[in-house]
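> show me the folded form of this:
(chains A and B)
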Protein chains: 2
Amino acid sequence: MKTFLLFLCLMPGLAWQNARAQDSSASVFCVVPLGVKGGSDESNLSAYLVSAQGSRDFICLDAGTLYAGIRRAVENGVFTDSPDAVLKKYIHAYFISHPHLDHVAGLIMNSPEDAGKNIYGLPFCLDILKSTYFTWKGWANFADEGEAPALGKYHYVRMIPGADTEVPGTPLRVTAFPLSHGSPFQSTAFLVNLRGQYLLYLGDTGADRVEKSDNLHRLWMAVAPLVMQKRLKAIFMEVSFPDEQPEKQLFGHLTPRLAMEEMEDLERISGPGTLKGLSLVITHIKPIGGNEIKIKQQLRSQNNHSLQFIFPEQAVALRF
Amino acid sequence: MKTFLLFLCLMPGLAWQNARAQDSSASVFCVVPLGVKGGSDESNLSAYLVSAQGSRDFICLDAGTLYAGIRRAVENGVFTDSPDAVLKKYIHAYFISHPHLDHVAGLIMNSPEDAGKNIYGLPFCLDILKSTYFTWKGWANFADEGEAPALGKYHYVRMIPGADTEVPGTPLRVTAFPLSHGSPFQSTAFLVNLRGQYLLYLGDTGADRVEKSDNLHRLWMAVAPLVMQKRLKAIFMEVSFPDEQPEKQLFGHLTPRLAMEEMEDLERISGPGTLKGLSLVITHIKPIGGNEIKIKQQLRSQNNHSLQFIFPEQAVALRF
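From the prediction side, this is the model:
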């Protein structure tokens, strides 16, 4: 039987991880994490579906794990369609922060079964997808540029930093901001706009101080007005390592302390007390040793801004 | 607590999928599938650990999924060490049949946590690992050749077709044979020799007739004497699609009918009745629609040689 969606973004109370401080009836975004970890575990790597609450028209922010996450979301009752239908019909576009394999493997390996759609990213990122993955050496070229024959299922859309783009088939608009991910390597933050309400997703990034960069400071400048106006509903930010990781061995990632340094910088711009209750979704924890427990403890002990930390779980929907 | 192995290759009766016709006390090989599927599901892609029965010194044939399979094997009680220890210490070497992402993603993404070891393959395969994956564009270069800085954790060992190579740290010797995987694309079969007993693993391959190749015929010529002498304990062969898949859309893969055509060819060389009871382990079924059920039915209905079909499961050990 072909079912149509009994979609839990419409069903408060079931299979949800709720933002504590929020009235669910006021939520505007639905997020279904398909993978949340920062490496190693091929079944659970960075990928976040985002839609307007109550809609099945998603974009996918990074695509480390698709199928295994979708299957689990179906098992959890988050989607009642088949995994194949969710892949093909629910995901309208991919936004890739950077081309490391743990952020694109699911996209590449599901391409034979996927439907045609756009892949958005900054030029550096799409150029590497084109020259490295969607070639005939390591896979097949399912995109519309690069090594011949280009099968043309995917269309690359090069984003311009700071300029927003609409996403056909969804009510969402997305703006890209460059990040530094272990200089000279780059990454991207995506600011998702749903009728004037916002969600910010950061791909892998180091802190400005460590990266000797001002990319995050510029990003905070751009979003501070939204924080002041309470229109930024959530920030998804990576915290890959616990504070014990030496700064010289961060490889372009954040620790709890560095994440809080960056929140400090944001609050300097947005004003004292403006971060109170803001949802900070912690992504990309490297699943080694006791990292997860340590990172949670260290974040909670340094929460000087009364942020609301959220630790996403694969296939458990969030709303903001 | 650091545990040493309570390793189920030593423990008949637990967490095993037994070859029916075999006396377990006579088995020489232990195989732990870390992933068995032919695409899409990032949590369960081609990777097979092979050791001498009773030993924890494994080689890994293809490496589509490592961590998720090892974790499940630990959950199943197949290994009692930590996933991290199994990755680092149990796997002595990787043999990669071809560089499609569903056969190498686990190796690439677990490289930061892995210990130093050799990666074996035919030159075409290692050259693509070197130019595509272990670069600084899509990942980091953990190997000892290619884009600088080469971190040197892995050492590429180029195999010569038909010439066997010993694997340090194990009693195994391995010989590579070229396969055709949707001409002009190549793949590899690995013949594993344990003190005169053999196991044959085929990476993705099309049938000679479809590929207009004689690679499989040459492989059957090479192993037919071992079949006649009952020294070939098992063949791992892909059957990606059911018989309904048009031959023009096989993309270098086998169907049940084509797999049986190839077994026919092998028996022509090895002699009538020589395949009776030979274990044929069916790998790489594409998990789309009802493929798995169809392929099993179609193989069983065409089993003219009394082969013993085995359908491997992730993290369930096999012995031969």
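> near chain B, which residues of the stretch 51-200 of chain A?
Applying CB under 8 Å from any CB of the partner chain, one finds that the stretch 51-200 of chain A approaches chain B through A:65-68, A:71, A:84, A:99-102, A:104-106, A:108-110, A:112-113, A:128, A:131-133, A:135-139, A:185. All C-beta spots, glycine's among them, are computed from the backbone N, C-alpha and C.
> what's residue A:110 sitting at in phi/psi?
Dihedral pair for residue A:110: phi -100, psi 0, per degrees, to the nearest 10.
> pLDDT wise, what is it at?
Note on residue A:110: pLDDT of 98.
> ranges for the strands of the stretch 151-300 of chain A?
Shown for the stretch 151-300 of chain A, the strands assigned by DSSP state E, counting those that start in this stretch span residues A:154-158, A:164-166, A:172-180, A:186-194, A:197-202, A:232-238, A:279-283.
> what of the stretch 1-150 of chain A?
Taking DSSP E, counting those that start in this stretch to define them, one finds strands in the stretch 1-150 of chain A at A:16-18, A:29-35, A:47-52, A:58-61, A:91-95, A:117-121.
> the fifth one - contacts with which helices or strands?
Meaning strand A:91-95. On a contact count with 3 or more CB pairs under 8 Å, 6 or more residues apart in numbering or on different chains; DSSP states H and E, strand A:91-95 meets strand A:58-61, strand A:117-121.
> and it, how far out from the chain's middle?
12 Å (CA atoms, centre = their mean, to the nearest Å).
> residue A:144 contacts residue A:130, correct?
No. Using CB atoms under 8 Å, residue A:144 is not in contact with residue A:130; the gap is 9.6 Å.
> list residues touching both of those two?
residue A:156 (CB atoms under 8 Å, 6 or more residues apart in numbering or on different chains).
> pull out the buried positions in stretch A:275-282.
Neighbour counts over stretch A:275-282 (16 or more other CB atoms under 10 Å in any protein chain shown) mark A:275, A:278-282 as buried.
> could you pull up the mean pLDDT of it?
Stretch A:275-282 comes out at a mean pLDDT of 98.
> likewise for stretch A:216-230?
Rounded mean pLDDT across stretch A:216-230 is 98.
> export that stretch as PDB, just CAs?
Taking Å, rounded to 0.1, in the frame of the first residue of the first chain, the C-alpha atoms of stretch A:216-230 are listed here in PDB:
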ATOM      1  CA  LEU A 216      32.600  33.200  13.100                       C
ATOM      2  CA  HIS A 217      32.800  36.900  14.200                       C
ATOM      3  CA  ARG A 218      31.300  37.900  10.900                       C
ATOM      4  CA  LEU A 219      28.600  35.200  11.200                       C
ATOM      5  CA  TRP A 220      27.700  36.500  14.700                       C
ATOM      6  CA  MET A 221      27.500  40.000  13.300                       C
ATOM      7  CA  ALA A 222      25.100  38.800  10.700                       C
ATOM      8  CA  VAL A 223      22.800  36.900  13.100                       C
ATOM      9  CA  ALA A 224      23.000  39.100  16.200                       C
ATOM     10  CA  PRO A 225      20.000  41.200  15.100                       C
ATOM     11  CA  LEU A 226      18.000  38.000  14.800                       C
ATOM     12  CA  VAL A 227      19.000  37.000  18.200                       C
ATOM     13  CA  MET A 228      18.000  40.400  19.600                       C
ATOM     14  CA  GLN A 229      14.600  40.100  18.000                       C
ATOM     15  CA  LYS A 230      14.200  36.500  19.200                       C
END
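> could I get the buried residue list for that stretch?
The neighbour-count check on stretch A:216-230 (16+ other CB under 10 Å) flags A:216, A:218-220, A:222-224, A:226-227 as buried.
> just the helices in chain A please.
A:67-75, A:83-85, A:101-110, A:123-128, A:208-211, A:215-228, A:256-270, A:291-301 (DSSP state H).
> if we can go back for a sec, determine which two of the buried residues of stretch A:275-282 are furthest apart.
Pairwise distances across these (CB to CB) peak at 14.7 Å, for the pair A:275 and A:282.
> returning to what we had before: take the buried residues of stretch A:216-230 and write them to a markdown table, including distance to residue A:289.
Formatted as a markdown table, these follow (distance: CB to CB, whole Å):
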| residue | distance to residue A:289 |
| --- | --- |
| A:216 | 27 |
| A:218 | 34 |
| A:219 | 31 |
| A:220 | 31 |
| A:222 | 36 |
| A:223 | 33 |
| A:224 | 36 |
| A:226 | 37 |
| A:227 | 34 |
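> reformat those residues as TSV; add distance to chain B.
Below are the buried residues of stretch A:216-230 laid out as TSV (distance: CB to the nearest CB, whole Å):
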residue	distance to chain B
A:216	23
A:218	25
A:219	24
A:220	29
A:222	28
A:223	29
A:224	33
A:226	33
A:227	34
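> out of those residues, who's nearest residue A:252?
residue A:216 (12.0 Å).
> contacts only, for that closest one.
A:179, A:205, A:207-208, A:262, A:265.
> out of these, which end up buried?
Neighbour-count burial (16+ other CB under 10 Å) applied to these gives A:179, A:205, A:207-208, A:262, A:265.
> which non-adjacent residue is nearest residue A:99?
Of all residues not flanking residue A:99 in the chain, residue A:128 sits nearest, at 4.0 Å (CB to CB, 6 or more residues apart in numbering or on different chains).
> I misspoke; the intended subject was residue A:258.
Per CB to CB, 6+ apart, closest to residue A:258 is residue A:207, 4.0 Å.
> pull the contacting residues for that neighbour.
Counting by CB under 8 Å, 6+ apart, residue A:207 has contacts A:216, A:254, A:258-259, A:261-262.
> from the buried ones among the contacts of residue A:216, which two are the most distant?
Longest span within the buried ones among the contacts of residue A:216, CB to CB: A:179 and A:265, 14.1 Å.
> closest one to residue B:174 among the strands of the stretch 1-150 of chain A?
That would be strand A:29-35 among these, by CB to CB, at 33.9 Å.
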